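Q: Fold the stuff below for me.
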Amino acid sequence: MVSLDALDIGSWVGQYLWPFFRIASFFMAMPLIGSRNVPQRVRLLLSALLAILVAPIIPAMPSVDALSWQSIAVIIQQVLIGTLLGFLLQLFFQIFILAGQMISMQVGLGMATMMDPIHG
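A: Numbers count the residues shown, from 1 in each chain. Here you go, the predicted model:
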């Protein structure tokens, strides 16, 4: 029989769940995968798969009790970092979209941006 204690569960949380929260929040906010066209289940499965693949590579996480306030604070921190990274990637993509629109206005293709079905 396998016995589980709080330290084992805490190490699993630190090893798998914290990277999962960061990757999942990144996928929810990034431009291509985070769009409405990709179902949330697909994004969650991709983030779970990536977290399982990345977990053995990352360095050891600090041992924190899985059901403590400190663990909840770390989870919130991971979600904020992943969301910030996703929005920064979205900002990077928007720079190129804006540059393309400015160039098209200068060249005389302004009507094409008015009829853009992707960005409304």
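Q: Helices of the protein, start to end?
A: 6-12, 18-29, 40-54, 69-107, 110-114 (DSSP state H).
Q: wait, which of the ones you listed is closest to Ser63?
A: Ranking the helices of the chain by distance to Ser63, with Cβ to Cβ as the measure, places helix 6-12 first at 5.6 Å. For glycine as for every other residue, the C-beta is placed from the backbone atoms N, C-alpha and C.
Q: Could you list the buried residues of the closest one?
A: Gly10, Ser11 (16 or more other Cβ atoms under 10 Å).
Q: show me what contacts Gly86?
A: For Gly86, the contact set (Cβ atoms under 8 Å, 6 or more residues apart in numbering) comprises Ser25, Phe26, Phe27, Met28, Ala29, Met30, Gly34.
Q: let's see 7 Å
A: Contacts for Gly86 (Cβ atoms under 7 Å, 6 or more residues apart in numbering) come out as Ser25, Phe26, Met28, Ala29, Met30, Gly34.
Q: Excluding residues flanking it in the chain, which one is nearest it?
A: Ala29 (2.7 Å; Cβ to Cβ, 6 or more residues apart in numbering).
Q: cool, and Ile58?
A: Ile58 sits nearest to Pro19 (Cβ to Cβ, 6+ apart), 6.4 Å away.
Q: is it true that the one you found touches Ile52?
A: No: with contact defined as Cβ atoms under 7 Å, Pro19 does not reach Ile52; the gap is 9.1 Å.
Q: And those two? Which one has more around it.
A: Pro19 (22 against 12; other Cβ atoms under 10 Å).
Q: Spatially central residue in this protein, please.
A: Phe26 (1.0 Å; Cα atoms, centre = their mean).
Q: isn't that residue right next to Leu84, touching?
A: No: taking contacts as Cβ under 7 Å, Phe26 lies outside contact range of Leu84: 8.9 Å.
Q: Give me the common contacts of the two.
A: Counting by Cβ under 7 Å, 6+ apart, nothing touches both Phe26 and Leu84.
Q: what bits of the protein have low per-residue confidence?
A: Applying pLDDT under 70 to the chain picks out residues 1, 6, 66, 109-120.
Q: go again using 50 as the cut-off
A: Along the chain, no part satisfies pLDDT under 50.
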